[in-house]
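In: Quick one: sequence plus predicted model below, questions after.
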Amino acid sequence: MLTKHRHGYLFKKGGNYYLQYMIEGRRVKQVLKDADGNPITDCKKAETERKRIMAPHMGADRETALRSVSHKLDDMVNERLAAQEKTPALNVDQAWQAFVTAQNRPDSGPRTLKGYFSQCNLFAEWLKEQYPESVELRAVTPTIAEQYAAYLLRNDHYPKTLRSRKRKKEVQEDEKPTPKKAFAGGTFNKHIGLLELVFRSLQKKAGLIANPWAELQRKVAKQQSRRELTVEEINTIINKAEGERRTLLFLGVYTGMRLGDCCTLRWSEVDMARRIILRVPNKTARRKNEPVHIPIHPT
């Protein structure tokens, strides 16, 4: 009976156990013997002796395997570096336009892209101030990503609008900007997630070896709860409102529509005969272009 092992073959012949293995392409076969020189006839003792004989060769095989893996990793890094040298550099200032035109990015709407742009622009401005020499996208390292993440979580970073005003000399030299509060957990996660998405979408085009944002730990998002207004409070607010603001509040209270839908409601969407509103919500219009039926309240 032949028992196959990764290192050597155990087989029994004539009541004795034999070991067969390969050394540098040469086949070796030997009878297994115990400490007294007697042939081994017990399976467990044969396996113990097999491990003892093959131990030096197994160690050598592991060393060879590790060396082979190390060489392969070096080759992969060299290939990536060579490919990176052939790839034209993509500057941070060019990243946004390249992301917008990328075919592998999510199909986001205009409002979402506007928010994405603000987040990318905030990072680009910070990078120019802290690392003027790191103009290429592939020059952004995990260390830089960690420093930027720490910056977002501080209470002493300033809004870009006031920095822009300072550059235009619209503020006094001694005027101090109001420090911007640290990003909340949810906002921080969205910000870092967007930068990871941009770098992932531009990985090939920018010749990135790795995504510097991938390993950043996300924060616990704490939701702030808000209590509902009482009927008395709603009546007070509506009665004190005037003009278009009062109309807007009436629409929100009696239809339950979102603010954006209340602001952009058209007369063509109002069916006075059947006393219903047929409205395609802005939030779902891109993926589901079907109107919802909203009854007009008697009031």
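Out: Here it is on my side, so go on.
In: Can you give the distance from stretch 226-242 to the centre of its chain?
Out: Chain-centre distance of stretch 226-242: 41 Å, with Cα atoms, centre = their mean, to the nearest Å.
In: any idea of the mean pLDDT in it?
Out: Stretch 226-242 shows a mean pLDDT of 89.
In: Output that stretch as PDB - backbone C-alpha positions only.
Out: Taking Å, rounded to 0.1, in the frame of the first residue of the first chain, the C-alpha atoms of stretch 226-242 are listed here in PDB:
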ATOM      1  CA  ARG A 226     -34.500  65.900  16.800                       C
ATOM      2  CA  ARG A 227     -37.900  65.900  18.400                       C
ATOM      3  CA  GLU A 228     -41.100  66.500  16.400                       C
ATOM      4  CA  LEU A 229     -42.800  69.900  16.700                       C
ATOM      5  CA  THR A 230     -46.100  69.900  18.500                       C
ATOM      6  CA  VAL A 231     -49.300  71.000  16.700                       C
ATOM      7  CA  GLU A 232     -49.200  74.300  18.700                       C
ATOM      8  CA  GLU A 233     -45.600  75.000  17.700                       C
ATOM      9  CA  ILE A 234     -46.500  74.300  14.000                       C
ATOM     10  CA  ASN A 235     -49.500  76.700  14.200                       C
ATOM     11  CA  THR A 236     -47.400  79.400  15.800                       C
ATOM     12  CA  ILE A 237     -44.700  79.100  13.100                       C
ATOM     13  CA  ILE A 238     -47.200  79.200  10.200                       C
ATOM     14  CA  ASN A 239     -49.300  82.100  11.600                       C
ATOM     15  CA  LYS A 240     -46.200  84.200  12.100                       C
ATOM     16  CA  ALA A 241     -44.800  83.500   8.600                       C
ATOM     17  CA  GLU A 242     -45.700  85.800   5.700                       C
END
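In: For that stretch, which outside residues touch it?
Out: The contact list for stretch 226-242 (Cβ atoms under 8 Å, 6 or more residues apart in numbering) reads 246, 249, 250, 253. Glycine gets a C-beta too; all of them are placed from N, C-alpha and C.
In: Who are the packing partners of the stretch of helix or strand residue 126 belongs to?
Out: According to DSSP states H and E, residue 126 maps onto helix 110-130. In terms of contacts (3 or more Cβ pairs under 8 Å, 6 or more residues apart in numbering; DSSP states H and E), helix 110-130 is packed against helix 92-101, helix 142-152, helix 160-167, helix 185-201.
In: what mean pLDDT would you report for the third one?
Out: Which is helix 160-167. So the average pLDDT for helix 160-167 ends up being 48.
In: swap in the second one?
Out: Throughout helix 142-152, pLDDT has a mean value of 92.
In: most packed of the helices and strands packed on helix 110-130?
Out: Counting by mean count of other Cβ atoms under 10 Å, helix 185-201 has the highest mean neighbour count of these, with a mean of 18.
In: what is the mean pLDDT for that one?
Out: On average, helix 185-201 scores 91.
In: Which elements pack onto the helix or strand just after that helix?
Out: Per DSSP H and E, the first helix or strand lying C-terminal to helix 185-201 is helix 203-206. Judged by 3+ Cβ pairs under 8 Å, 6+ apart, the packing partners of helix 203-206 are helix 92-101.
In: Quick one: residues in contact with the helix it packs on.
Out: 90, 105, 113, 116-117, 120-121, 123-124, 127-128, 134-137, 140, 198, 201-202, 205-206.
In: Can you say which of the residues you listed are buried?
Out: The neighbour count (16 or more other Cβ atoms under 10 Å) marks 90, 105, 116, 120, 123-124, 127, 134-137, 140, 198, 201-202, 205-206 as buried among the contacts of helix 92-101.
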